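Trainee: requesting a structural model of the entry that follows:
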Amino acid sequence: MAPSLPSMMRAVVQTAPGTASVESVPIPKVEYGSALVKLEASLVHSNLSPIFKADLDYFKLPYPAVPGSFGIGRVAAVGPDATALREGDFVIVSAFIHSRDDPSVNIIRGVLAGPTPASQHLYKTFARNGFFAEYVTAPLETIFRLDEARLFGSPEAGGLGYIPGELVVFPANVICYAAMRGISLQPGERVVITPATGHYSAAAVDVAAALGARVIAASRNAAGLAKLKETYPGVVDTVQLTGDVKTDGAALSAFGPVDAVVDVSPPAATGAPNFAAALSSLRDGGRVTLVGGRGDETLPIPYLKAMMSSLTIKGSYMYAREDVEACIRLAEAGLLKFGKRAGHVVHAVYTLDDFQEAMDRAVETAGPGSIIYIKP
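Mentor: Prediction:
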């Protein structure tokens, strides 16, 4: 560890579901294959409260653990085997970690420790420290360098003028990008995104627009849809869903043949008819990607429709390293937009001491482009 670094840091330490406090803890050691990042912003999304409380058993972590699932900051120290990262680099840190000797074992720090002894072991040894902290250590392969001058520099100097906290939505972009890459979404294709007004689904609209697709955003939220259409005029069309499959399917089909459907339905949408309506709008040879969290035991997929129309239906879980790198390139090119360019609003910035208030506020302000983050 670099000699200029302190030996202790402040972090939110969770000892049980829904129970945590800010404590002074040792800064994680930098070893082979890792780097230490001083965090500038840590994501607080609207789904974090049920995760923190472990409302579902699979959200329980090997406590004690530091919560938080994504961060952006500056490299403070690197392991002796680092060949690309340097101290001072501005980076994003992914929470999605694969076991190095068995890639089928994976975890999401701050969210999922996995159901197997192997994944639990990986979490305990590699990811117990999450992002609600001043510093975080991470495997080198989960750290991605950013063009600081381009992303955060002034427009007069050729920059895009973002602030670091505006990029905390980035993990949702990458998850949706990976899903769209999985079905080979092409520029000019027409894609239905449903629903389209939540944290992840609005990010899907941002990504589809960046890829040059023609977007049909489908949701019950009229205000959220209006905001998306205002943000992407001429790119995004909208359909306010009624809950009637035939009516909604006809409305989605009215814009022309639909090439693809991206379903980002959350667990709360289990059993909802939006997916069936979107499916009914697909042209022959259409593709579907499932990237949400619905709990349906079966999906409303008409067998004959899928067979006779030669539909492709594919699930997509998280992302690969190349997906992160591709999204960074889209962002640095100015195609994948953040902040005001994407209609995003930073509602509040909190300190570590106010982490509980931050989670509550994230629930209150949930919606397309809503940003809450912690600046440690």
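
Trainee: just give me how far the strand or helix carrying residue 206 sits from the chain centre.
Mentor: Residue 206 is part of helix 199-210 when elements are defined by DSSP states H and E. Centroid separation between helix 199-210 and its chain, computed with Cα atoms, centre = their mean, to the nearest Å, is 10 Å.

Trainee: list the residues that contact residue 47.
Mentor: Contact partners of residue 47, counting by Cβ atoms under 8 Å, 6 or more residues apart in numbering, are 199, 266. For every residue, glycine as well, the C-beta is placed using N, CA and C.

Trainee: gap between it and residue 362?
Mentor: Residue 47 sits 8 Å away from residue 362, going by Cβ to Cβ, to the nearest Å.

Trainee: swap in residue 29?
Mentor: Distance from residue 29 to residue 362, by Cβ to Cβ: 31 Å.

Trainee: who's more crowded, the two?
Mentor: Under the criterion of other Cβ atoms under 10 Å, the comparison of residue 29 against residue 362 puts residue 362 first, with 24 against 11.

Trainee: just confirm the more buried one contacts residue 51, I think it does.
Mentor: No - the criterion here is Cβ atoms under 8 Å, and residue 362 misses it with residue 51 at 11.3 Å.

Trainee: for the nearest residue to residue 213 once chain neighbours are set aside, give me its contacts.
Mentor: Leaving aside its chain neighbours, residue 213 sits nearest to residue 191 (4.9 Å; criterion: Cβ to Cβ, 6 or more residues apart in numbering). Residue 191 makes contacts with 180, 185, 208, 213, 214, 215, 216, 258, 259, 260, 261, 262, as judged by Cβ under 8 Å, 6+ apart.

Trainee: sort out for me which of those are in helices.
Mentor: When DSSP state H defines the helices, the subset of those inside them is 180, 208.

Trainee: ok, the contacts of residue 191 vs residue 327, which is closest?
Mentor: Within the contacts of residue 191, the smallest distance to residue 327 is 10.8 Å, found for residue 180 (Cβ to Cβ).

Trainee: tell me which residues touch residue 226, please.
Mentor: Shown in contact with residue 226 (Cβ under 8 Å, 6+ apart): residue 238.

Trainee: all the strands of the stretch 251-376 of the chain, residue numbers only.
Mentor: Assigned strands in the stretch 251-376 of the chain, in chain order: 258-263, 282-290, 312-315, 345-350, 370-374 (criterion: DSSP state E, counting those that start in this stretch).

Trainee: do you know which of those lies nearest residue 196?
Mentor: With Cβ to Cβ as the criterion, residue 196 lies closest to strand 258-263 of the strands of the stretch 251-376 of the chain, at 9.1 Å.

Trainee: does anything pack onto that closest one? Which helices or strands?
Mentor: Strand 258-263 sits against helix 170-182, strand 190-194, helix 274-280, strand 282-290, with contacts defined as 3 or more Cβ pairs under 8 Å, 6 or more residues apart in numbering; DSSP states H and E.

Trainee: the second one pairs with which strands, and in what direction?
Mentor: When you say that, I think you mean strand 190-194. Paired strands of strand 190-194, with direction, are strand 214-219 (parallel), strand 258-263 (parallel) (DSSP bridges).

Trainee: and the angle from the last one to helix 199-210?
Mentor: With axes from the mean of the first three to the mean of the last three Cα atoms, to 10 degrees applied, the angle from strand 258-263 to helix 199-210 works out at 150 degrees.

Trainee: and for strand 258-263, what are the contacting residues?
Mentor: With contact meaning Cβ under 8 Å, 6+ apart, strand 258-263 is reached by 176, 179-180, 183, 185-186, 189-194, 204, 208, 216, 252, 274-275, 278-279, 281-283, 286-292, 294.

Trainee: tell me the buried residues within the residues you listed.
Mentor: Buried members of the contacts of strand 258-263, scored by 16 or more other Cβ atoms under 10 Å, are 176, 179-180, 183, 185, 189-194, 204, 208, 216, 252, 274-275, 278-279, 281-282, 286-292, 294.

Trainee: any idea how far whatever helix or strand residue 151 lives in is from the chain center?
Mentor: Take DSSP H and E as the rule and residue 151 turns out to sit in helix 148-152. Helix 148-152 sits 21 Å away from the centroid of its parent chain (Cα atoms, centre = their mean).

Trainee: next one: stretch 234-248
Mentor: Between the centre of stretch 234-248 and the centre of its chain there are 24 Å (Cα atoms, centre = their mean).

Trainee: how about stretch 180-198?
Mentor: Mean-position distance between stretch 180-198 and its chain equals 16 Å (Cα atoms, centre = their mean).

Trainee: low-confidence ranges, this structure, go.
Mentor: Confidence mapping of the chain against pLDDT under 70 gives the ranges 1-3.

Trainee: now with 80?
Mentor: Confidence mapping of the chain against pLDDT under 80 gives the ranges 1-3, 126-127.

Trainee: tell me where it has helices.
Mentor: For the chain, the helices defined by DSSP H cover 48-52, 117-126, 148-152, 170-182, 199-210, 222-231, 245-253, 274-280, 303-308, 321-332, 355-364.

Trainee: winner for burial among those helices?
Mentor: helix 199-210 (a mean of 26; mean count of other Cβ atoms under 10 Å).

Trainee: list the helices and strands that helix packs on?
Mentor: So helix 199-210, by 3+ Cβ pairs under 8 Å, 6+ apart, packs with helix 170-182, strand 190-194, strand 214-219, helix 222-231, helix 321-332.
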